[in-house]
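K.L.:
pasting the sequence and the predicted model now:
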Amino acid sequence: MKYGDWSMLLHHTARGGHVQVVEALLKVCVALGVKNGDKETPQHLAVMGGHTTVVVALLVAVVEVDVASENQQTLLCMAVDGLLTDTVRHLLDYDAAVNATDVGKWTPLHMRHVQRLGAAACGSYGCCRMLAWR
């Protein structure tokens, strides 16, 4: 299997939430920062899928916590957008930047007003409280 194939395998397993396979791939030193054709890393795919255990496994493997997608959304922005309170907590524990902005200049605390109301607008008290205390 070629080097790039291993990296894409990590993308697929992160998207599917297969934490044991992700951990096994991390042990063979798969490149974590490789982006797929949509400019997404395994971290982005795990957050989008709501797979907190995979996100934590990638964070433990010293993955960059503030890596941005093509539209400049960080992992924290995506987690807040999906109202994934547990994932938000873990990302904040790894010092995710709470003031990072996406292409629309929205921070995680007041982002996604148009597509899906952000943490403040949705009344997601848990996400708001965690972000405000940082």
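P.N.:
Thanks, I have it.

K.L.:
may I have stretch 18-37 as CSV, with CA atoms only?
P.N.:
The C-alpha coordinates for stretch 18-37 follow below in CSV (Å, rounded to 0.1, in the frame of the first residue of the first chain):
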residue,chain,number,x,y,z
HIS,A,18,-14.0,3.6,13.8
VAL,A,19,-11.8,4.6,16.7
GLN,A,20,-9.9,1.3,16.9
VAL,A,21,-8.9,1.4,13.3
VAL,A,22,-8.0,5.1,13.6
GLU,A,23,-5.8,4.2,16.6
ALA,A,24,-4.2,1.4,14.7
LEU,A,25,-3.4,3.6,11.7
LEU,A,26,-1.9,6.2,14.1
LYS,A,27,0.5,3.6,15.4
VAL,A,28,1.9,3.1,11.8
CYS,A,29,2.5,6.8,11.6
VAL,A,30,-0.1,7.9,9.1
ALA,A,31,0.3,11.5,8.1
LEU,A,32,-2.4,13.4,10.0
GLY,A,33,-2.3,16.7,8.1
VAL,A,34,-3.1,15.3,4.7
LYS,A,35,-6.2,16.7,3.2
ASN,A,36,-8.6,14.9,0.9
GLY,A,37,-10.0,16.3,-2.4
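
K.L.:
and that stretch, how far out from the chain middle?
P.N.:
With CA atoms, centre = their mean, to the nearest Å as the basis, stretch 18-37 stands 14 Å off its chain's centre.

K.L.:
wait, residue 21 touches residue 13, no?
P.N.:
Yes: between residue 21 and residue 13 there is a contact at 4.3 Å, judged by CB atoms under 8 Å. For every residue, glycine as well, the C-beta is placed using N, CA and C.

K.L.:
between the two, which one's more packed in?
P.N.:
A direct count of neighbours by other CB atoms under 10 Å for residue 21 and residue 13 places residue 13 higher, at 23 against 16.
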